[in-house]
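Participant: Build the 3D model from these lines:
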Amino acid sequence: MQFPELNPKGILPALSKKLLFAPTRPSEEHYDYAEDRWQIRNLTHDPKHVTALLEHRRHLDDWIVETADMDSNRRTSTHGESLLR
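Facilitator: Have a look, this model is predicted:
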């Protein structure tokens, strides 16, 4: 059986349903996999993780420019400014 088949049958636990079948996702997600392997706690707005978040944004922005991956879903920060250089 596949996950989509299990959901309507009520076999999946609530957390699995939340993680796998959420109708929307945050525009930005940042997790500490070592501490939160199920990626439950989004650290995007946690001040303790701002340095790591900014570093990951920079790496992504560099990758977007290097690979010319400029599609219609241009990334913007949570404050609305473009994160692309």
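Participant: Quick check: the gap between Met70 and Trp38.
Facilitator: As defined by Cβ to Cβ, to the nearest Å, Met70 lies at a distance of 33 Å from Trp38. In this view, the C-beta of every residue, glycine as well, is placed from N, C-alpha and C.
Participant: can you check Arg58 too?
Facilitator: Going from Arg58 to Trp38 by Cβ to Cβ gives 27 Å.
Participant: Asp62 sits in which helix or strand?
Facilitator: helix 50-66 (DSSP states H and E).
Participant: so how far is that helix off the chain centroid?
Facilitator: 13 Å (Cα atoms, centre = their mean, to the nearest Å).
Participant: So for that helix, what gets flagged as buried?
Facilitator: 53, 64 (16 or more other Cβ atoms under 10 Å).
Participant: And stretch 24-40, by the same measure?
Facilitator: Neighbour-count burial for stretch 24-40 [16+ other Cβ under 10 Å]: 28, 30-31.
Participant: can you put those residues in TSV and add distance to Lys48, pLDDT and secondary structure?
Facilitator: Putting these into TSV (distance: Cβ to Cβ, whole Å; pLDDT from 0 to 100; DSSP: H, G, I helix; E, B strand; the rest coil) gives the following:
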residue	distance to Lys48	pLDDT	secondary structure
Glu28	16	91	coil
His30	11	94	coil
Tyr31	13	94	coil
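Participant: residue closest to the middle of this structure?
Facilitator: Glu29 (3.0 Å; Cα atoms, centre = their mean).
Participant: which residues touch that residue?
Facilitator: 39, 42, 44 (Cβ atoms under 8 Å, 6 or more residues apart in numbering).
Participant: So for the second one, what's the nearest residue that isn't a sequence neighbour?
Facilitator: Beyond its immediate neighbours in the sequence, the residue positioned closest to Asn42 (Cβ to Cβ, 6 or more residues apart in numbering) is Glu29, lying 5.4 Å away.
Participant: Next, give phi and psi for that neighbour.
Facilitator: With angles defined as degrees, to the nearest 10, Glu29 sits at phi -130, psi 140.
Participant: Tell me how far it lies from Ala22.
Facilitator: Separation of Glu29 from Ala22 (Cβ to Cβ) stands at 11 Å.
Participant: which residues sit in contact with the closest residue to Leu53 other than its chain neighbours?
Facilitator: Nearest residue to Leu53, sequence neighbours excluded (Cβ to Cβ, 6+ apart): His30, at 5.0 Å. By Cβ under 8 Å, 6+ apart, His30 lies in contact with 42-44, 49, 52-53, 56.
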